[in-house]
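# only geometry, no sequence info:
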Ligand SMILES: [Zn+2]
């Protein structure tokens with residue numbers, strides 16, 4: 001199969017190139033990228049034939065395939081929530097051509113057998129690249145380190161007990177040191193469980209009003225501080241997962257100014273929603289860390305703009321409907337995010353918080369660098385790994401149309417601006433124009 005993409009506006013942080021170009025992909029490999037000056041009128045036509053696919057992409061953008069460094073694929077063990085097949089289909093539908101899957105599967109990805117299983121299954125049934133993240137501790141129990149070197153060797157690109165914090169500081173110290181030795185970062189779920197108690201939403205006036213037990217911001221910030229301090233003292237790197245509070249942003253900012261090797265991510269829901277979304281006991285807005293206040297939301301947006309937060313990740317956490325259709329206190333945490341993350345993030349561009357280039361960096365180059373994924377971007381000889389996007393196309397989120405098995409989203413019915421029309425991943429091309 002030969003793919004020709006004409007007149008697309010490329011923004012590629014990997015090659016540092018930007019402009020209108022024609023792209024030629026031959027049997028899954030980019031054979032030519034030809035930049036030009038001419039701007040042709042907006043049009044989109046597609047003429048598929050047996051062996052040639054031609055896309056006139058005038059008026060569209062081409063970006064490298066997006067990388068989600070924080071996804072839950074649920075396989076092995078929770079295939080009723082999501083499988084590697086459905087999760088990676090949801091990924092490409094949302095513009096992600098690489099996903100990094102967290103270790104809280106069943107069995108936990110704390111030994112190479114599980115890593116090999118995930119990689120084999122992804123190769124067989126996956127629509128995009130899957131990079132497993134190994135557990136920091138055996139069984140995510142926080143007690144005994146997993147075989148990190150073996151996990152790295154097997155193909156894990158990072159280590160995380162995501163969902164569960166590593167409460168013991170000595171174990172965290174050792175994990176940081178080992179992760180440095182094996183060349184894959186720790187992704188830290190920052191939460192002090194003793195402060196969270198059995199909280200289910202942000203602690204504040206609203207939790208009091210709703211009669212729900214709150215999780216204070218301090219629960220996150222205490223652990224962000226600890227991890228930054230450990231990273232500073234023992235000269236290691238640490239990546240802070242799903243930052244949700246203004247205080248965490250301030251701690252990370254100060255650490256970066258001091259030269260500590262800390263990077264951070266947030267998720268679309270933390271810069272889009274506030275705790276108000278759980279009013280009415282909406283379990284689809286129940287996440288961990290919880291949605292916070294307007295002040296926090298503003299701080300997260302500013303941190304993205306200032307470069308204090310390096311990455312936008314989805315924390316795609318699909319659940320079965322029966323796990324959300326229960327009283328708020330009992331509902332599981334998480335949002336099915338792969339299919340809406342990019343369009344929601346584009347709002348930052350439409351609202352002039354970020355320029356398009358910076359947004360794409362946070363969704364491609366920065367996660368690739370942090371995880372050492374060695375992505376090449378849109379250049380000759382590289383694998384065809386890109387998306388075609390109409391950043392102005394209006395569409396409505398319909399959870400029933402998600403290909404993810406997880407329909408748990410607080411964004412159902414939202415009108416969004418900007419849509420991925422095609423995802424090219426090697427020899428595969430996904431056409432989402434009619435979806
Ligand atoms: Zn997560």
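Noted; the coordinates are in hand. Just so it is clear, the model here is predicted, and its values are computed rather than measured.

# list the residues that contact residue 317.
Applying Cβ atoms under 8 Å, 6 or more residues apart in numbering, we find residue 317 in contact with 72, 287, 333, 334, 335, 336, 337, 406, 408. Bear in mind the C-beta positions are built from the backbone N, C-alpha and C, glycine included.

# any of the residues you listed buried? List them.
Taking 16 or more other Cβ atoms under 10 Å as the criterion, what is buried in the contacts of residue 317 is 72, 287, 333, 334, 335, 336, 337, 406, 408.

# and what about the last one, helix, strand or coil?
Using DSSP: H, G, I helix; E, B strand; the rest coil, the secondary structure recorded for residue 408 is coil.

# poorly predicted segments of this protein, please.
Scanning the chain for pLDDT under 70 picks out 37-50.

# looking at it, which helix is longest?
Secondary structure of the chain per DSSP state H: the longest helix is helix 217-233.

# residues in contact with the spatially most central residue of the chain?
Taking Cα atoms, centre = their mean as the criterion, residue 313 is the residue nearest the geometric centre of the chain, at 2.4 Å. Neighbour list for residue 313: 68, 69, 70, 71, 241, 242, 265, 266, 267, 367 [criterion: Cβ under 8 Å, 6+ apart].

# give the contact list for residue 119.
For residue 119, the contacting residues are 130, 132, 154, 155, by Cβ under 8 Å, 6+ apart.

# make CSV out of those residues and add neighbour count and distance to the ion.
Listed next are the contacts of residue 119 as CSV, based on neighbours: other Cβ atoms under 10 Å; distance: Cβ to the ion, whole Å:
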residue, neighbour count, distance to the ion
130, 23, 16
132, 25, 14
154, 19, 21
155, 15, 20
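
# kindly reformat those as a markdown table containing secondary structure.
As requested, those are arranged in a markdown table below (three-state DSSP):
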| residue | secondary structure |
| --- | --- |
| 130 | strand |
| 132 | strand |
| 154 | helix |
| 155 | coil |
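
# farthest pair in those residues?
130 and 154 (13.1 Å; Cβ to Cβ).

# returning to that earlier point: any part of the following helix or strand past the longest helix of the chain near the ion?
For helix 217-233, the following helix or strand on the C-terminal side (DSSP states H and E) is strand 238-240. No: Strand 238-240 lies out of reach of the ion by Cβ under 5 Å from the ion, never closer than 12.5 Å.

# other SSEs contacting strand 238-240?
Under the contact criterion of 3 or more Cβ pairs under 8 Å, 6 or more residues apart in numbering; DSSP states H and E, strand 238-240 touches strand 187-188, helix 217-233, strand 262-266.

# winner for burial among those?
For those, the largest average neighbour count (mean count of other Cβ atoms under 10 Å) is found in strand 187-188, namely a mean of 29.

# now tell me what touches the helix or strand following it from outside.
Counting by DSSP H and E, the element after strand 187-188 in chain order, helix or strand, is helix 193-196. Residues outside helix 193-196 that contact it (Cβ under 8 Å, 6+ apart) are 165, 167, 215, 216, 218, 219, 222.

# keep those, but drop any that are not near the ion.
Checked against the ion using Cβ under 5 Å from the ion, those give no members in range.

# what's the domain layout of this protein?
Domain segmentation of the chain under the TED database yields 2-62+380-431, 65-371.

# could you look up the SS state of residue 260?
Residue 260 - assigned by three-state DSSP - is coil.

# that one and residue 232 touch, don't they?
Yes: in this structure, residue 260 is within contact of residue 232 by Cβ atoms under 8 Å, at 4.6 Å.
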